[in-house]
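Undergrad: Fold the following for me, if possible:
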Amino acid sequence: MNRILIKNAKIVNEGSIFDGDVLIENDLIVEVADSISLKTSDCIVIDAEGSYLMPGAIDDQVHFREPGLTHKGDIESESRAAVAGGITSFIEQPNTVPNAVTQEILEDKYQIAAQKSFANYSFMMGATNDNLEEVLKTNPKNVAGIKIFLGSSTGNMLVDREETLEKIFSSTPMLIAVHCEDETTIQNNLAEFKEKYGDDIPVTAHNLIRSAEACYLSSSKAVALAKKTGARLHIFHLSTAKEMELFTNKIPLEDKKITAEVCVHHLWFTDEDYKTKGNFIKWNPAVKTESDRKVLWEALNDGRIDVIATDHAPHTKEEKAQSYLKAPSGGPLVQHAVVAMFEAHHQGKISVEKIVEKMCHNPAKIFKIEKRGFIREGYFADLVIVNPSKPWSVNTDNILYKCGWSPFEGTTFKSRITHTFVNGEMVYNNFKVKDIRAGKRLLFDR
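TA: Have a look, this model is predicted:
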């Protein structure tokens, strides 16, 4: 029997922090108590004195690039980086090659992950203008949801027919996750900047081309359609102050039909950072202004935004080093998301309890993930130990992404993830990922 006893931890769970011990047997949490006494010969004992013990983070939006784009990243490399960053479960998006828009292609991705993933995994089914029949075959018990791109991003999965959108929204009982940017607005803005700069548009124009207006037009339409059809809508990577008026904190999360997500980069960077970071912080939707960021933080803390995710989307340095128009959007984040949020905690922007709510509890609730996201007896032992006062700096020697770079390079974080457990297996310990692919397919209580 695999038995691990974590002692003297500051356990962060369900809105409180308390001192205690947690006992793991095989893949489950079997006891949570003020003090657990066992003979050391019966188990591995880890002393977590001075550290937080939290549930493993659940990242509801990643792009791990397999199949078809594995020069940028793959399920093995990026899930390894995820567990080093305290993310024990991920939901991956369908814009791989080929796009995951049939049940057969979707299932192929699960087969790859079953062999290669260090973290627990699920994959979104992709919607297109003409695959409604395939979308409706999706099994709600073992697939996270349906993904729709309402603005073009990496790949060619733009769904822009109103009739198709209404059919999808009114036909599927599953959660629909959307990327919201209005394509017409973006193309009009781009044409203006091309007229002014030709092909030499500066990256500082990115948030003006993929503007706040483009975001709001699209997300407000999605919200209106969800209200009309009764669909279960989850809006990914919100980036603007104006969009926050579309969401409520007046009802409990369990009763919300429309939920909202923000990503780490929209909470960390602003348009001022384009001058120094250039294409390396070029994301879709774009990083916006300081005033946008301020309102995102307010909405996160007051409950209008429900989830913090990464939109982890690696590209090679060479791809990113191209001119603005040629450089793809997206960047790697899973290894540094949790510690970045702990850094925000040190800066007084968010409580540790709120980090756990937004990165662990709420994704589990929104997607109805079985037995994960909480420190509860009988739940899977997906756990992370975070030392809040063990500084370290991000550099090329400790970056685990296949692409080899990070927008946080050169940043010193005060907090360090010391241990990560996936299904009771200690897969990460102080900068070392063990060669244990402990990930399991996520199942959903629907």
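
Undergrad: Every contact and neighbour count from this point should use C-alpha atoms.
TA: OK.

Undergrad: Which residue ranges of the stretch 251-400 of the chain form strands?
TA: Under the criterion DSSP state E, counting those that start in this stretch, strands of the stretch 251-400 of the chain are mapped to 258-263, 307-309, 383-387, 392-393.

Undergrad: So which of these is the most surrounded?
TA: Mean neighbour count, computed with mean count of other C-alpha atoms under 10 Å, is highest for strand 307-309 among the strands of the stretch 251-400 of the chain, reaching a mean of 28.

Undergrad: who touches it?
TA: 59-61, 237, 260-264, 300, 337, 358-359, 362-363 (C-alpha atoms under 8 Å, 6 or more residues apart in numbering).

Undergrad: gap between it and the chain center?
TA: 6 Å (C-alpha atoms, centre = their mean, to the nearest Å).

Undergrad: Please identify the pairing partners of that strand and their relative orientation?
TA: strand 258-263 (parallel) (DSSP bridges).

Undergrad: Am I right that residue 126 is in contact with residue 101?
TA: Yes: taking C-alpha atoms under 8 Å as the definition, residue 126 is a contact partner of residue 101 at 4.8 Å.

Undergrad: list residues touching both of the two?
TA: 94, 135.

Undergrad: Now do the buried residues in stretch 108-120.
TA: 109-110, 113-114, 116-120 (16 or more other C-alpha atoms under 10 Å).

Undergrad: So which of these is the closest to residue 208?
TA: Nearest to residue 208 among the buried residues of stretch 108-120 is residue 109, at 35.9 Å by C-alpha to C-alpha.

Undergrad: pull the CA atoms of the longest helix belonging to the chain into CSV?
TA: What stands out as the longest helix in the chain, according to DSSP state H, is helix 212-229. Written as CSV, here are the backbone C-alpha positions of helix 212-229 (Å, rounded to 0.1, in the frame of the first residue of the first chain):
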residue,chain,number,x,y,z
ALA,A,212,-11.8,46.1,-25.8
GLU,A,213,-14.7,46.8,-28.2
ALA,A,214,-14.0,43.6,-30.1
CYS,A,215,-14.1,41.6,-26.8
TYR,A,216,-17.3,43.2,-25.5
LEU,A,217,-19.2,42.9,-28.7
SER,A,218,-18.6,39.2,-28.9
SER,A,219,-19.0,38.3,-25.2
SER,A,220,-22.2,40.3,-24.9
LYS,A,221,-23.6,38.4,-27.9
ALA,A,222,-22.6,35.1,-26.3
VAL,A,223,-24.3,36.0,-23.0
ALA,A,224,-27.5,37.2,-24.8
LEU,A,225,-27.6,33.9,-26.8
ALA,A,226,-27.1,31.8,-23.6
LYS,A,227,-29.9,33.7,-21.9
LYS,A,228,-32.2,33.2,-24.9
THR,A,229,-31.5,29.5,-25.3
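
Undergrad: Quick check: what element follows that helix along the chain?
TA: strand 233-235 (DSSP states H and E).

Undergrad: Show me the contact partners of that following strand.
TA: Counting by C-alpha under 8 Å, 6+ apart, 175-180, 219, 223, 226, 257-261 sit against strand 233-235.

Undergrad: how does it look with 7 Å?
TA: 175-179, 226, 257-261 (C-alpha atoms under 7 Å, 6 or more residues apart in numbering).

Undergrad: Tell me the gap between it and the middle of its chain.
TA: 14 Å.

Undergrad: mind listing what that strand pairs with, with the direction of each?
TA: Partners of strand 233-235 in its sheet, by DSSP bridges: strand 176-179 (parallel), strand 258-263 (parallel).

Undergrad: gap between stretch 313-327 and the chain center?
TA: With C-alpha atoms, centre = their mean, you get 21 Å for stretch 313-327.
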